[in-house]
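**Student:** dropping the sequence and predicted coords here.
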Amino acid sequence: MSRLDVKTPSQAQTVVDQLYRNMERRIAASPPGLCPIDMALNFLNLCHAQTCGKCVPCRIGLSQLSEMLKEVLDGEAEVKIIHRIQETAQAIVDTADCAIGINAAQLVLMGLTSFRDDYEEHILHHRCLSSLRHPVPCVALCPAGVDIPGYISLVREGRYADAVRLIRKDNPLPTACAYICEHPCEARCRRNMVDDPINIRALKRFAVDNAGDVPQPECAPTTGKKVAVIGGGPGGLSAAYYLSLMGHKVTIFERRKQLGGMMRYGIPDYRLPRHLLDAEIASILSLGIEVKTEIDVGSDITFDELNRTYDCIYLSIGAHTDKKAGIPGEDSHGVISAVELLRRIGDGDLPDFTGLNIAVIGGGNVAMDVTRSCIRLGARKVSCVYRRRQEDMTAQQEEVDGAIAEGAEILSLEAPVRIEADEDGNVVALWTQPQITGEIDSQGRPKPNTAQVPEKRIPADVIIKAIGQGIETHGFEETGITIQRRGTLLADSSTRVPDMAGVFAGGDCVTGPATVIRAIAAGKAAAANIDDYLGFHHEIKADVAVPAPKFYDLKPRGRVNTKERDAFDRKTNFECIECGLSLEEAMQESSRCLRCDHFGYGIFKGGRVEKW
């Protein structure tokens, strides 16, 4: 008889591993609108099953918590049970022997804080506050509410122009978003429950790349009303587009030489080719929108003048100012902001970094954009310095992977402390303090703490700060518009500026730096509310018939991902790095859509918003 055996997975363990993978997919696909108490109960039961059960707090306490949550959901509890749940969960946190049981109880405590009103509603009125108003997850998670299942089905039918028309109903910049959208719509795609989410952005790009020139719809009869849009970025362009379709006369006031905002001055050509952006903006302006560029509201023309001349004003000035790093030596020659560099690139003024060492401070998408741009500008070495771990970067993973493939160095867990300059004031190095990862913060990321090791010197000829953008509020302080503590303009969820009749605001200047699709959503909301304010109720619709669902092969299959040009070749120029889908790939990927707009809750709720 042998003393030891080679361990191999048993059939039972193999099946359990598959069950875990299936569970992970289903958790990832949990759509908006689910009952938070029901979800908390299921997570609690899962955690309970994973504990060893040796200590009383886990074995007995978690079981008691589970029973109390069931009473709440079954309508058998009284209000005082909330206090019992809190006391029991806190006792488990204080006495459990391991972090598994402690974390399970903490999930319950977090729920009592975050959705206590749901507990009370279940107990007092035996109903759930959660809403299934947005039954289709991808549509619910798209800030602009684009009819995603609709245009995917149109792509499948080869009706690419109709797909673009359907997208434009809610998003007038389909081409820009097809190339650079962060696709939040994919996060809760129900296809996750089967295999992987649909590659929604790639299918949008396939549609715009193959649709040809799609004419804009006819505008409604003129209303005689005039609207000023301050800012020609994605939010301002969207508001101007829909207001023009409604028949209002729109004038855009833009501070820069060209329209596009951060799509032009924050996103490099290799991600969004300029000729495509120019063509899309020209298509929007073809509706009769007037444009005045290189006009600084507050200097060249006052806000009060605009207020007297126009019936309504929409503020969409974006976030175009850089933030200070707050470290010694920041004013040395050779320290520039990411905003400044990307603005120069957007205007075609490409700096020459040939042979230079570049250090980029930051870990977001903007940091990745400047990192990859510096490589294309000839830098000898580009180091991206970030104070957290690489996996905690806020940049999209594909952007980080792309930068590394092109030769960038990611220096994680390094906090900048000072900038070294020579006797002439020129940058020579960035000094950092190594960090050690710490406790999880409120955003779910480990906090960086100072490590007990010496500072590190990173030689650099140029240092680029990519640590966030601010709002340029010059010219608006004296208007009566409230400037909040973090420098943003105050506006409510309907984009109205309080106590200022006819003035609306949205996008980055209200929320802080965000994404293109969120700015587009704000512009859409502003257009609808400005139209109502002016005494109208125009309807925006597409007049596109969406195909009925067909029963394709629904077996689990791999997601079709887009490819990028070879890293060695693409890093030498600013040509588009991403390759589109082939016809075969687009047909296969579009057939994976489960058509939640028709099946499931979609069948009860009508599936789609035909007009707004």
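**Tutor:** Perfect, thanks for sending it. Residues are numbered from 1 along each chain as shown.

**Student:** so residue 323 is in contact with residue 471, correct?
**Tutor:** No - at 10.6 Å, residue 323 does not count as touching residue 471 under the criterion of Cβ atoms under 8 Å. C-beta coordinates here come from the backbone N, C-alpha and C atoms, glycine included.

**Student:** out of these two, which sits in the busier spot?
**Tutor:** Comparing residue 323 with residue 471 by other Cβ atoms under 10 Å, the one with more neighbours is residue 471, at 22 against 18.

**Student:** tell me how far that one lies from residue 487.
**Tutor:** Distance of residue 471 to residue 487, given as Cβ to Cβ, to the nearest Å: 5 Å.

**Student:** just residue 127 next, same as before
**Tutor:** Using Cβ to Cβ, residue 127 is found at 41 Å from residue 487.

**Student:** which of the two has more neighbours?
**Tutor:** Neighbours were counted for residue 127 and for residue 487 using other Cβ under 10 Å; residue 487 has more, 15 against 10.

**Student:** just say helix, strand or coil for the residue lying closest to residue 295 once chain neighbours are set aside.
**Tutor:** Once flanking residues are discounted, residue 295 sits nearest to residue 253: 4.8 Å by Cβ to Cβ, 6 or more residues apart in numbering. At residue 253 the chain is in strand, as set by DSSP: H, G, I helix; E, B strand; the rest coil.

**Student:** burial of residue 253, as a residue count?
**Tutor:** Using other Cβ under 10 Å, residue 253 has 23 neighbouring residues.

**Student:** next up, the contacts around it.
**Tutor:** Under the criterion of Cβ atoms under 8 Å, 6 or more residues apart in numbering, the neighbours of residue 253 are 228-232, 292, 295, 297, 301, 306.

**Student:** which of those residues fall within strands?
**Tutor:** Within those, residues falling in strands by DSSP state E are 228-230, 292.

**Student:** who wins for neighbours among those?
**Tutor:** residue 229 (32 neighbours).

**Student:** isn't that one right next to residue 254, touching?
**Tutor:** No - counting by Cβ under 8 Å, residue 229 does not reach residue 254; the two are 9.0 Å apart.

**Student:** touching both of the two, which residues are there?
**Tutor:** Shared contacts of residue 229 and residue 254, defined by Cβ under 8 Å, 6+ apart, are found at residue 236.

**Student:** related to what we said a few turns ago, any idea how far the residue nearest to residue 295 lies from residue 306?
**Tutor:** For residue 253, the distance to residue 306 - Cβ to Cβ - is 8 Å.

**Student:** what of residue 484?
**Tutor:** Counting by Cβ to Cβ, the gap from residue 484 to residue 306 is 22 Å.

**Student:** which one's more surrounded, these two?
**Tutor:** Shown here are residue 484 and residue 306; by other Cβ under 10 Å, residue 306 has more neighbours (17 against 13).

**Student:** show me the contacts for that one.
**Tutor:** The neighbourhood of residue 306, defined by Cβ under 8 Å, 6+ apart, consists of 228, 230, 253, 297, 313.

**Student:** swap the cut-off to 7 Å and go again
**Tutor:** 228, 297, 313 (Cβ atoms under 7 Å, 6 or more residues apart in numbering).

**Student:** gap between the nearest residue to the first one once chain neighbours are set aside and residue 293?
**Tutor:** Put plainly, it is residue 228. Leaving aside its chain neighbours, residue 228 sits nearest to residue 310 (4.2 Å; criterion: Cβ to Cβ, 6+ apart). From residue 310 across to residue 293, the span is 18 Å (Cβ to Cβ).

**Student:** which one of these two is surrounded by more residues?
**Tutor:** Neighbour count, other Cβ under 10 Å: between residue 310 and residue 293, residue 310 has more, with 18 against 13.
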